[in-house]
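Enquirer: Mind looking at a prediction? Sequence and model below.
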Amino acid sequence: QVQLVESGGGLVQAGDNLRLSCAASGRTFNSAALGWFRQAPGKEREFVGAISRTGGTTYNSDFVQGRFTISRDNARNTVYLQMNSLKPEDTAVYYCAAGRVFGASPSTYYSWGQGTQVTVSS
């Protein structure tokens with residue numbers, strides 16, 4: 001199993017950049033696909049993007065529109081979400097998750113972090 005802890009959230013202004021980190025513990029990090037999701041108040045959890053076990057393949061939701069980049073450092077057991085040109089509609093709690101396969105469905109993932117709040121003011 002993998003235990004995940006997100007960090008890096010905060011209050012920023014529209015147009016700012018922010019990088020989220022997700023630190024993992026556990027022996028299976030290098031064999032896990034990793035995903036980022038977000039959940040705004042009153043809305044369902046939404047897929048942001050995912051990265052394969054080796055980091056060679058990434059997949060992002062359409063709303064990202066090239067603004068977000070996912071990367072991972074297997075030597076540091078950490079996955080990152082670089083968010084550029086943030087918009088107020090990006091305000092949400094952001095979660096990272098580990099799964100056995102690479103996918104956009106929350107059911108794909110077996111381990112979740114506690115989330116980090118990102119608030120974008122206009």
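Expert: Structure's in. What do you need? Since we're looking at a predicted model, the values are computed, not measured. Numbers count the residues shown, from 1 in each chain.

Enquirer: Next, name the residue at the spatial heart of the protein.
Expert: Geometric centre of the chain, nearest residue: W36, 2.6 Å, by Cα atoms, centre = their mean.

Enquirer: and the closest residue to L18 other than its chain neighbours, how far is that from S21?
Expert: Distances taken as Cβ to Cβ, 6 or more residues apart in numbering put M83 closest to L18, at 5.0 Å, once the chain neighbours are dropped. In short, each C-beta sits where N, CA and C put it, glycine included. M83 sits 12 Å away from S21, going by Cβ to Cβ, to the nearest Å.

Enquirer: try G49
Expert: Taking Cβ to Cβ, one finds G49 at 15 Å from S21.

Enquirer: returning to what we had before: M83 and S21: which has the busier surroundings?
Expert: Per other Cβ atoms under 10 Å, whichever of M83 and S21 has more neighbours is M83, with 24 against 17.

Enquirer: Show the pLDDT at that one.
Expert: Here the pLDDT value assigned to M83 is 98.

Enquirer: Let me see the contact set for it.
Expert: By Cβ atoms under 8 Å, 6 or more residues apart in numbering, the contact list for M83 reads 17-20, 67-68, 90, 118.

Enquirer: Next: Q3.
Expert: Contacts of Q3 (Cβ under 8 Å, 6+ apart): 24-26, 111.

Enquirer: looking at those, which has the most residues close by?
Expert: That'd be A24 among the contacts of Q3, by other Cβ under 10 Å, with 23 neighbours.

Enquirer: Look at D16 and tell me its secondary structure.
Expert: At D16 the chain is in coil, as set by DSSP: H, G, I helix; E, B strand; the rest coil.
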